[in-house]
Every structure is written in C-alpha cells, then in structure tokens.
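Enquirer: Provided below are the primary sequence and the corresponding predicted coordinates.
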Amino acid sequence: MRRNDREITDEKVIEAFIAEEQILRIAFWDNGDIYIVPANYGYLYEDGKYSFFFHGAKAGRKFELSKANPIVGFEIDGKYRLMEGEEACEFSATFQSVIGTGKLSLVSDRDEKIKGLTTIMKQTTKKSDWCYQNDMLEAVAVFRLDVEKISCKAK
C-alpha cells in the first residue's frame, strides 16, 4: 500500500466496516480479460480468516469462471463523502475500502449452502432466521470466497 498512513490494521474496525456494507465486487480472470461482478454478500470471520458468500445462477459467465479459475480479487468500498474545494485539484473525498484476493469454491453441501445463504440474508436484512425450500436450494449456486490476502484503507 503506497499510503501507509491510511492503512487500517485493527481487525475490529475492518470487521465493523465489512459488517455494515452490502456490495462485494469480485474480479475474475477470463483469458486476458478482467470480469468484475458486484454481488450482495454475507461473511464469516473465524480464526482470523474471512469467508464471503454470494449467490447466483448455475449458468453464465460468473458460474463458468468460478469453475475455470477459482483465484479471484475482491473489493468492498463505502463511507464515501465528497470534500469540496475552491479549485478542481482541491477536491477530495473520504472513504473506506477493503481489497484482497482469495480462492472461490462452489458450495454443494446442503448445510453449507444454507449457512451461506443465511449469512447473505443476515448481511442484507440483519435477520438470520430464514427457511429455504429444497427446490430453491437446488436451483441456486452459492459461492464461497476464502480470503487469502486482505487490506483496508481509509481517508
């Protein structure tokens, strides 16, 4: 990180930020192209490691890329506020962001799928007492992103 003075290393601050945001952007490598997908997410923080869950169709580019190359980048940003200036170069902004890399997997175990979907719903609604019909569980792809590297920055 170029601006070490903006780096956040306090795990409680990082987790609080991740807990309040809603959109995770996942960057896939696609034979020379980068494909970035925004997704609602849920997360677990266990033993000092993050795992993000998101869902999608069992078809399409995201699904196929997750199988072809499971190493991905990710980004979450928020707390954006414009700081105005008198001249163009005096404008700035405050923000916070988390970026990193990890390994993506498709969740096939029924209980793990329910766990993943419940974390997504908790992130979105703040409720975790959800029931899932079997046909819905069969129809949806649940992705698990196990984080290998993560950094957080704020201004």
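Expert: Sure thing, it's come through. Keep in mind that what you see is a predicted model, and the values were worked out from it rather than measured.
Enquirer: Check which element follows the biggest helix by length in the chain along the chain.
Expert: In the chain, with assignment by DSSP state H, the single longest helix is helix 110-125. Proceeding N to C from helix 110-125, the next assigned helix or strand is helix 134-139, under DSSP states H and E.
Enquirer: what packs against that next one?
Expert: Packing partners of helix 134-139 (3 or more CB pairs under 8 Å, 6 or more residues apart in numbering; DSSP states H and E): helix 110-125. (C-beta placed from N, C-alpha, C; glycine too.)
Enquirer: I would like the residues contacting the helix it packs on, please.
Expert: 19, 22, 40-44, 53-55, 107, 127-128, 130, 132, 137, 140, 142-144 (CB atoms under 8 Å, 6 or more residues apart in numbering).
Enquirer: Which positions in it come out as buried?
Expert: K113, I114, K115, G116, L117, T118, T119, I120, M121, K122, Q123 (16 or more other CB atoms under 10 Å).
Enquirer: of those residues, closest to E87?
Expert: Closest approach between the buried residues of helix 110-125 and E87, by CB to CB: Q123, at 40.1 Å.
Enquirer: Give me the pLDDT for the closest one.
Expert: Per-residue pLDDT puts Q123 at 96.
Enquirer: if I look at it, how far off is G85?
Expert: 35 Å (CB to CB, to the nearest Å).
Enquirer: cool, F54 as well?
Expert: Applying CB to CB to F54 and G85 gives a distance of 37 Å.
Enquirer: which one of those two has more residues nearby?
Expert: F54 (27 against 10; other CB atoms under 10 Å).
Enquirer: Tell me the bridge partners for that one.
Expert: Counting by DSSP bridges, F54 forms beta bridges with F143.
Enquirer: who's in contact with it?
Expert: Shown in contact with F54 (CB under 8 Å, 6+ apart): L24, I26, A39, N40, Y41, G42, I120, V142, F143, L145.
Enquirer: Next, the first one: secondary structure please.
Expert: So that's L24. Under DSSP: H, G, I helix; E, B strand; the rest coil, the three-state class of L24 is strand.
Enquirer: What sits closest to it if chain neighbours are left out?
Expert: Y41 (3.9 Å; CB to CB, 6 or more residues apart in numbering).
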